[in-house]
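S.K.: Sharing a model that was predicted from the sequence below.
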Amino acid sequence: QVQLVESGGGLVQAGGSLRLSCAASGRTLSRYVMGWFRRAPGKEREFVAAIRWSGGSTSYADSVKGRFTISRDNAKNTVYLQMNSLKPEDTAVYYCVGRVGLDLRTDVGGYDYWGQGTQVTVSS
């Protein structure tokens with residue numbers, strides 16, 4: 001079992017930046033893919049970004065490419081999502097996710113472990 005705890009959400013103006021953190025405990029993550037999903041009000045959960053812990057390969061949703069960066073810190077067992085040039089449409093609850101394996105999955109069903117979520121609100 002892997003426990004995921006997100007932090008770093010908040011309220012920011014359009015054009016601003018936030019960094020989300022996800023601390024993982026319970027397992028070493030060398031064989032994991034970690035990622036972020038989000039759910040905007042009235043919408044389904046959608047893929048944001050993923051990273052393969054070993055090697056650091058990444059994948060991004062088209063809507064965040066060039067603005068968001070996913071990274072990980074091996075020593076801290078923590079994954080980050082740096083969000084720049086934020087837009088009101090980025091407003092959502094952001095969830096940290098994890099799965100055992102190498103595939104950078106973009107589907108909700110591809111991830112076994114989910115954090116509790118952190119709210120990000122971008123004002124116009």
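M.R.: Received, thanks. Numbers count the residues shown, from 1 in each chain.
S.K.: ok, now which ones touch the residue positioned nearest the centre of the chain?
M.R.: Geometric centre of the chain, nearest residue: Trp36, 2.3 Å, by Cα atoms, centre = their mean. Listed by Cβ atoms under 8 Å, 6 or more residues apart in numbering, the contact partners of Trp36 are 20, 22, 48-50, 70, 79, 81, 94-97. Any C-beta I mention is one placed from the backbone N, CA and C, and that applies to glycine too.
S.K.: my read is it is in a helix, agree?
M.R.: No. Trp36: not assigned to a helix; according to DSSP: H, G, I helix; E, B strand; the rest coil it is strand.
S.K.: mind checking pLDDT for it?
M.R.: On the pLDDT scale, Trp36 is placed at 98.
S.K.: where does Gly109 fall, helix, sheet strand or coil?
M.R.: Following three-state DSSP, we place Gly109 in the helix state.
S.K.: residues near it, how many?
M.R.: Neighbours of Gly109 under the rule other Cβ atoms under 10 Å: 7.
S.K.: out of everything not next to it in sequence, what's closest to Val48?
M.R.: Trp36 (4.2 Å; Cβ to Cβ, 6 or more residues apart in numbering).
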